[in-house]
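Trainee: here you go, sequence then predicted model.
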Amino acid sequence: MLRTVTSSVVCLALLAAAPAVSAQEVRQSIQVLGPGDGGPMQMLPPGRQAKTGTSRVRGRVVASDTGSSVRRAQVRISGPDIGTRTALTDAQGRFEFRDLPAGRFNVSVSKASFVTMQYGQNRPFEPGRPIELADGQAMEKADITLPRGSVLAGRVVDESGEAVAEAEVQAMRMQFQNGKRRLVASGRTGTTNDLGQFRIYGLPPGEYYVTASLRNMGTMMFDMFTAATTTAGPSGSNQNTGYASTYYPGTPNPAEAQRVSVAVGQELGSVDIQLQPVRLAKITGSVIASDGKPMSSAMVMLMPAMKDAALFAPGGTTRTNAEGQFTLNGVTPGEYTLQVQSGGNAFVTTGAGNAMTFAFAVSDRPGGGAPAPQQQEREFGVANVNVTGEDISGMVVVGTRGAKASGTIRFEGGSKPEGITAIRMTAPPIDPDSMSMGGFSPNGVKENGSFDVDGLIGARLFRPVNLPKGWYLKSVTFNGEDVTDKGVEFKPGEDVTGVDIELTNRATTITGSVTDERGTTVKDYTVVVFPEDASKWALPMNRWMSSARPDQEGRFRFNALPAGSYYAVAVEYVAQGEWSDPEWLARAAKKATKVSLDEGGNKTLDLKLSGS
C-alpha cells in the first residue's frame, strides 16, 4: 500500500508498508494532487488514531459573481488530531463536519471552474484563516465564496507544427523560496489531448510562466519504482533526439520565458508552446563500492539542479547490473547530480524548505531482477554531471557508506510521552537546492530515545518529525555546541556519536489582535514574526520566522517559536512565502513592534495594521 502526500511545492512521500508491491499496484496507487485540487492535506503520524469530540463546523459555499449556491463542491477540513476529512456540499451549497475534537482546523473548498479557496482567504496566494474550536463549540457560518477560475489554454506542437499528445503543461509563478526567487508550480496541471490542446483551469488571477514537458509525475514515479524493482533491461531505438521542458512561447531557458497575465475568470486561449528539440545523451558508467568491488543492484538517480525553477522530476533512474555498470538513456541537456545508493531502499531528501522523501521498500522484484545483496551498511556515491547533448561514457562513481550519526532524544523535565517510537529522524542537506540520498531514519526512534541516521555527506541539519503532540524541538547539540540551525559537516565513512536532541513541552506562544489607524479592530490581516537578528533571516528550515492569519474571532496565534528577541508586524496582505524575503523583512522591521520571548513564555500583543 502506498500513501501519497502533496503540497504546493510538490511534497511527495512514498512509503511501502506492504511486504511486496507490484508494478500494477504502483500504477493504481500513484496520485498527483496539486494545490488546485483541494488545498493542503494533512496525514496523521503512523499509529496515531483520529480523535473525535463534540464540536462541529457548518457553512455554505457560494459563487462570488452570482451569489448562487455551489453544489457538490469538495470541502476538506484538516487538523493535527484528525488528519484530513472530506465532505460534499448539497444542493444549497451547505456542508457540515460533526464530532470534531477541540483544536485548530483549516477548511478548503475546490470545484471545477472555480479557484480553490480556504476559509478566510480573500486574495490570491494568501493563506486561509484557521478555525479554533473548544469542546462542544459549534461554528455555524464557515462560509466560503469561490471566484471563477482563470483559464490558460493552447496547443503544444513539435518543431514541425504537429500536435504533441500526452504533454504535461504546468503554470508556474515567481515565488521566494529557499532563500531565492524561483519558478514554482502553481495550480492544476494540464495534459494535452490528441490535438495537442491543453486547458489549465481554476487558476487565481495573476502572472504565470507556462511550461510543457513530455515527462510527467506519474511516469516519473513509475520509472523510479521500476528501477527499484528490476535490473537494467533493453532500450528502444531513436533515443538520440527528444524534447526539453519548454517555456512559453518556445524556450528551454526559464530566464527567457514570457509571462502571461489573467484576470479573475478570464480565459486566455492562445498560450501555444512549440517544444524545442534537443539531442538526448546517453550516460554510461560503473559504480565501485568502498571495498573496490562492483556495486551491484544499486539505485542510480540523475537529479536536476534547482536553480531557476523548482523541478523535482529526475532526469533518469536505473539500477546497476551485477558488474556495477549502469546506463541512463534519453537525458536532456542540463546540470545534474548523479546519485547512487546501494541496498533495497532509496531515500531522497531535499534541501531546506522542501521535505520530499522517496522511500522504496520492496521484498520481491517483478520482472526477473535479481534481489539486492544484503549489505551491512548502505553506500552512496555522488558526481556532478553537465549534459550538453553529447554521450558521456566511462563514468566511474566510487561509493562510500557515508557518515553514520547516532544520538539520543531527550525530553525536557524528564517526562516521557507516549509514541516515542513513531518519531522519525531526518537529516536534510543545508544547501537549499540540494536533493540528496540518505539522511533519513526509516526505523524510527527506539523506546529509550536512541536513533541512528546513515548516508550523511556534507552539511546536514537534524530535524525530528512525527513528534508526540505538544512537544517541540528545543535544541540540537553536538560536542557541546548548539548546532540546531547551522548543522554538522559530515565526512564520508565516519561514525559520529553524541548527537543530543532535546524536545520541550514548554512552548512559547504569542497571541493578540490587530486594530487599524482609527482604533477599530480588524479581522482580516497577516501577522509576521521574525527575529531582530538579521543574520537569522536566511537560515535554512528557518524555525525563527512564521506568519499567522486570524481565527474566526479575529485573533492571531504563534506557537513554539524559540526564546529570543523578535519583530512582529501586521499587514493587510502578503502572498504566501513573500514574507521570508530579506528585502521585505528589512522594510517591515522599520514599522514592526519588538517582542521578547522567554523560555515557555506567553505574550499578548495589540498590533496596529501597517502597510505591506
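Mentor: That came through, no problem.

Trainee: domain ranges for this protein, per the record?
Mentor: 52-146, 149-349+377-400, 403-504, 509-610 (automatic domain parsing).

Trainee: adding mean neighbour count and distance to residue 43, write these out as TSV.
Mentor: For every residue, glycine as well, the C-beta is placed using N, CA and C. Listed next are the domains of the chain as TSV, based on neighbours: other CB atoms under 10 Å; distance: least, CB to CB, whole Å:
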stretch	mean neighbour count	distance to residue 43
domain 52-146	18	6
domain 149-349+377-400	19	18
domain 403-504	18	10
domain 509-610	17	20
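
Trainee: tell me where the chain has helices.
Mentor: Ranges of helices within the chain are 23-29, 217-229, 582-589, based on DSSP state H.

Trainee: re the thing from before, worst average pLDDT in the domains of the chain?
Mentor: The stretch with the lowest mean pLDDT among those is domain 149-349+377-400, at a mean of 84.

Trainee: show the end-to-end separation of that domain, please.
Mentor: Using CA to CA, to the nearest Å, the end-to-end distance of domain 149-349+377-400 comes out at 51 Å.

Trainee: need the contact list for residue 511.
Mentor: Shown in contact with residue 511 (CB atoms under 8 Å, 6 or more residues apart in numbering): 555, 556, 557, 558, 602, 603, 604, 605.

Trainee: nearest residue to the third one in space, please, no chain neighbours.
Mentor: What that stands for is residue 557. residue 511 (5.0 Å; CB to CB, 6 or more residues apart in numbering).

Trainee: all strands of the stretch 251-400 of the chain, in order?
Mentor: Taking DSSP state E, counting those that start in this stretch, the strands of the stretch 251-400 of the chain run over residues 260-262, 267-268, 273-274, 277-279, 281-288, 299-304, 316-319, 325-331, 334-341, 347-350, 357-359, 380-387, 392-398.

Trainee: with distance to residue 213 as new columns, can those strands be given to me in CSV?
Mentor: Below are the strands of the stretch 251-400 of the chain laid out as CSV (distance: least, CB to CB, whole Å):
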stretch, distance to residue 213
strand 260-262, 17
strand 267-268, 20
strand 273-274, 10
strand 277-279, 12
strand 281-288, 17
strand 299-304, 12
strand 316-319, 14
strand 325-331, 13
strand 334-341, 12
strand 347-350, 20
strand 357-359, 19
strand 380-387, 16
strand 392-398, 22
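
Trainee: nearest to residue 583, out of these?
Mentor: Nearest of the strands of the stretch 251-400 of the chain to residue 583, taken as CB to CB: strand 260-262 at 23.2 Å.

Trainee: what about that closest one, distance to the chain center?
Mentor: 26 Å (CA atoms, centre = their mean, to the nearest Å).

Trainee: helices and strands around it, which ones?
Mentor: For strand 260-262, the packing partners by 3 or more CB pairs under 8 Å, 6 or more residues apart in numbering; DSSP states H and E come out as strand 150-157, strand 206-213.

Trainee: hmm, who's touching it?
Mentor: 150-152, 203, 205-210, 248, 268, 271.

Trainee: repeat for stretch 90-98
Mentor: 56-62, 68-71, 73, 75, 77, 85, 87-89.

Trainee: give the bridge partners for the nearest residue to residue 257 once chain neighbours are set aside, please.
Mentor: Leaving aside its sequence neighbours, residue 257 sits nearest to residue 247 (CB to CB, 6+ apart; 3.5 Å). Counting by DSSP bridges, residue 247 is bridged to residue 211, residue 251.

Trainee: my read: residue 247 touches residue 255, true?
Mentor: No. Contact criterion CB atoms under 8 Å: residue 247 and residue 255 do not qualify, at 9.3 Å.

Trainee: name the single longest strand found in this protein.
Mentor: Determined from DSSP state E, the single longest strand within the chain is strand 180-191.

Trainee: that one packs against which elements?
Mentor: Checking 3+ CB pairs under 8 Å, 6+ apart, strand 180-191 ends up next to strand 168-177, strand 197-203, strand 206-213.

Trainee: please repeat the previous calculation with a cut-off of 10 Å.
Mentor: On a contact count with 3 or more CB pairs under 10 Å, 6 or more residues apart in numbering; DSSP states H and E, strand 180-191 meets strand 150-157, strand 168-177, strand 197-203, strand 206-213.

Trainee: now it, how far from the centre of its chain.
Mentor: On CA atoms, centre = their mean, the centre of strand 180-191 falls 12 Å from that of its chain.

Trainee: between that strand and strand 150-157, how many degrees?
Mentor: If you take axes from the mean of the first three to the mean of the last three CA atoms, to 10 degrees, strand 180-191 sits at 80 degrees to strand 150-157.
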